[in-house]
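> okay, here's the prediction I keep looking at, along with the sequence it came from:
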Amino acid sequence: MTDIILYNGELSRGLDLEFIETVDSQKSAKNAVLILVSNGGDADAAYKIGYYLQEVYDSFYVLLSGMCKSAGTLLAIAAKELIFTPYGELGLLDVQLKKEDKLGAQESGLNISEAFKAMEERSRDTYHNLIAEILSASNGVVSIRTAMNAASNMVSSLYGPIFQRFDPEEVGSRSRAMRIGEEYAKRLNAKWGNLKSESIEILSRSYPSHGFVINHDEAKLIFNNVRIANSEETRIIKNLGKLSRFQQHEPNIKFINGDINEEASIGDINTERASQQGKARRKRKADQSNTENFERTGGI
């Protein structure tokens, strides 16, 4: 038997306690599948849920049937295996931070790093281009040192006011916030090691935008155990409808009734072999039944 649990909603403190209490009161199997649909949320909550599932189940798997972003990706790292449907997707391992002076708005913790990177590259390119232009226009009259000083003054005038707008304290706090997800990921990955080498760095810093889609094929480059949902898992997802695709306004945490059949059990990496074994068992039972019937009728 396998517990099948739906989590649709933001990952937040309070909901993590609700989830843990739900599992504690309804747990009935050694293994679990978490159908996870979330735009993200609080990294602390994601870590609490992931760690708890690792502790109370022998194995647990994450079934990705819709959007699973940010803190949702962090929670997925805790799983022994990831199961994808065609619409399933992960996102970056970045922390969502509240925007200053914008009520309820959030932005990726990567934004400040990307801004610094862009400004650094542009100012450096401008500096080198100015030196080349000054030397070329002077026909060798201006020395390289003079050209460098002139370029430096011009770059300072152009980009100095922009760099002054960055608050060092804000930059530091955002940098620490980005480290939260990375440190939690290391701890959650320690149990089953589903992440490949250097994947935490890839998930947190290599992709260009918060909304970047990490589908089944992309996930195989990052995780060790990834597969496509089997027919029974797909049937469950279809029955859930929109709950399995998009995060709803109200959180939905519940156990789903009905067990996955033995031949195609969720979490079995080799589902085809399991199906073949099930068919073989049924055939042996049928052969045994036919033999018994034959004996009762006096065939032997």
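Alright, I've got the coordinates. Numbering: from 1, shown residues only.
> can you confirm residue 242 is in a helix?
Yes. Counting by DSSP: H, G, I helix; E, B strand; the rest coil, residue 242 is located in a helix.
> so where do the helices sit in the chain?
Here the chain has its helices, by DSSP state H, at 15-26, 43-56, 71-77, 110-138, 144-164, 168-189, 199-201, 216-220, 231-240, 271-296.
> what's the shortest one packed up against?
Packed against helix 199-201 by the contact rule (3 or more Cβ pairs under 8 Å, 6 or more residues apart in numbering; DSSP states H and E) you find helix 168-189. All C-beta spots, glycine's among them, are computed from the backbone N, C-alpha and C.
> check contacts around the spatially most central residue of the chain.
The structure's the chain has its C-alpha centroid closest to residue 73; by Cα atoms, centre = their mean the separation is 1.9 Å. By Cβ atoms under 8 Å, 6 or more residues apart in numbering, residue 73 lies in contact with 40, 90-93, 203, 214.
> try 6 Å
90-91, 93 (Cβ atoms under 6 Å, 6 or more residues apart in numbering).
> lowest-confidence stretch among the helices of the chain?
For these, mean pLDDT drops lowest on helix 271-296, to a mean of 51.
> ok, back up a step: what's the burial count for the closest residue to the residue nearest to the centre of the chain other than its chain neighbours?
Computed as Cβ to Cβ, 6 or more residues apart in numbering, the closest residue to residue 73 that is not its neighbour in sequence is residue 90, at 4.8 Å. Residue 90 is flanked by 28 other residues according to other Cβ atoms under 10 Å.
> do you know the pLDDT at residue 90?
For residue 90, the model assigns a pLDDT of 96.
> circling back: for the residue nearest to the centre of the chain, give its distance to residue 139.
Counting by Cβ to Cβ, to the nearest Å, the separation of residue 73 from residue 139 is 57 Å.
> now do the end-to-end distance for stretch 220-237.
21 Å (Cα to Cα, to the nearest Å).
> with stretch 198-216 instead?
19 Å.
> can you point out the buried residues in that stretch?
199-200, 202-204, 207, 210, 214, 216 (16 or more other Cβ atoms under 10 Å).
> which among those gets closest to residue 47?
Distance to residue 47, by Cβ to Cβ, is smallest for residue 200 among the buried residues of stretch 198-216, at 13.7 Å.
> that closest one contacts residue 187, doesn't it?
No. Counting by Cβ atoms under 6 Å, residue 200 sits too far from residue 187 to count as a contact (10.8 Å).
> burial count for residue 27?
Residues near residue 27, counting by other Cβ under 10 Å, number 14.
> quick one, what contacts it?
Residues near residue 27 by Cβ under 6 Å, 6+ apart: none.
> count the neighbours of residue 162 for me.
Neighbours of residue 162 (other Cβ under 10 Å): 12.
> sorry, that was for residue 12
17.
> I'd say it and residue 43 touch.
No. The criterion here is Cβ under 6 Å, and residue 12 misses it with residue 43 at 10.6 Å.
> want to throw the buried residues of stretch 198-216 into TSV with distance to residue 22?
Converted to TSV, these look like this (distance: Cβ to Cβ, whole Å):
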residue	distance to residue 22
199	30
200	29
202	33
203	28
204	30
207	33
210	29
214	28
216	29
